[in-house]
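Visitor: Return atomic coordinates for the entry below.
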Amino acid sequence: MIRSNRMTRYLILVFFFSLLYFPISDAAFAYIGPGAGFAVLSSFFMIFIAFFLAAVNLISWPLRYVWKQIRGKNAYKTAKVKKVVVLGLDGLDWELTDKFIKQGKLPSFKKLEQEGRFAPLQTTFPSISPVAWSSFQTGVNPAKHNIFDFLSPDWKSYLPVLSSTLIGNVKKNLNIAGFQIPLGKPVLRLLRKSVPFWNILGDKGIFTNIIRVPITFPPEKGSGLLLGAMCIPDIRGTQGSFTFYTSQKEQKNYTGGTRLVFENNNGKYTSHIPGPSESG
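Guide: This next block holds a predicted model:
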């Protein structure tokens, strides 16, 4: 899983790259507000935590490596194969794929068909990506894994909310000079139920790499590495929205997203980056 030890390494890399970048910049402009002191203090605290977790991770790595090797050897004693790769293509049409294979347009798929079995599979009801991928992970129907669509209604307000992840606010905040300092972590919980197969493998000592499988945020604890994909909320709490920057002031055809215009100020283009509200 991508947990604190991996995030620690990312924070350290960002910190050192920032030290290399800022000294060579031509100019920098900033506004120092009354809350800058709190920002500097929290930034220093985060850097301190990053270095502390990195040290703990470095010291404990040999023990964790030895333990993983011992568990892995016991798990593979009776295994018929040493490695299995599962490749999933979202929304792949079997009839079109079969047609293109026969036309010779998909030679790699043709080789896979000759070496194994190629046949259509049944899907979930409804046949929507988050529902089908949740069943793929857990081996159960939607009534058991609790994912029925991309969105679900909030029964208090009847507004649409993410169906796979619960995102809540911090329960307590410290108000100082009009600024809110969170005391604790926000609520963040995966709403998909049942156990994915890679957690079962991890309990048996089998290491897994799960790369870009939908409905995996936030990642559950387990033995392996996980990189989530579809249905991960962005920093604004939306699901898969994007920002489109353009120098054209007149609106052109585009689909969804947020459209922002670059302003030309004496040969320098300026714009802004939208983010979460202060209350969020």
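
Visitor: the strands in the chain, which residues?
Guide: 151-153, 160-162, 165-167, 173-176, 179-182, 188-190, 208-213, 224-228, 243-246, 258-261, 263-265, 268-270 (DSSP state E).

Visitor: Now mean neighbour count too, for those, in JSON lines please.
Guide: In short, each C-beta sits where N, CA and C put it, glycine included. Shown next, in JSON lines, are those (neighbours: other CB atoms under 10 Å):
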{"stretch": "strand 151-153", "mean neighbour count": "14"}
{"stretch": "strand 160-162", "mean neighbour count": "16"}
{"stretch": "strand 165-167", "mean neighbour count": "15"}
{"stretch": "strand 173-176", "mean neighbour count": "10"}
{"stretch": "strand 179-182", "mean neighbour count": "14"}
{"stretch": "strand 188-190", "mean neighbour count": "12"}
{"stretch": "strand 208-213", "mean neighbour count": "16"}
{"stretch": "strand 224-228", "mean neighbour count": "16"}
{"stretch": "strand 243-246", "mean neighbour count": "13"}
{"stretch": "strand 258-261", "mean neighbour count": "14"}
{"stretch": "strand 263-265", "mean neighbour count": "10"}
{"stretch": "strand 268-270", "mean neighbour count": "9"}
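
Visitor: can you tell me which of these the model trusts least?
Guide: Across the strands of the chain, strand 179-182 has the smallest mean pLDDT, namely a mean of 78.

Visitor: ok, that strand: who's next to it in the sheet?
Guide: strand 173-176 (antiparallel) (DSSP bridges).

Visitor: In CSV, list the C-alpha atoms belonging to the partner strand.
Guide: Presented in CSV, the C-alpha positions along strand 173-176 are these (Å, rounded to 0.1, in the frame of the first residue of the first chain):
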residue,chain,number,x,y,z
ASN,A,173,-10.9,23.4,15.0
LEU,A,174,-8.9,26.0,16.9
ASN,A,175,-9.9,29.5,16.0
ILE,A,176,-7.1,32.1,16.3
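
Visitor: gap between that strand and the chain center?
Guide: 30 Å (CA atoms, centre = their mean, to the nearest Å).

Visitor: And the contacts of it?
Guide: Phe38, Gln180, Ile181, Pro182, Leu183 (CB atoms under 8 Å, 6 or more residues apart in numbering).

Visitor: Nearest residue to the third one in space, please, no chain neighbours.
Guide: It stands for Ile181. Leu174 (4.3 Å; CB to CB, 6 or more residues apart in numbering).
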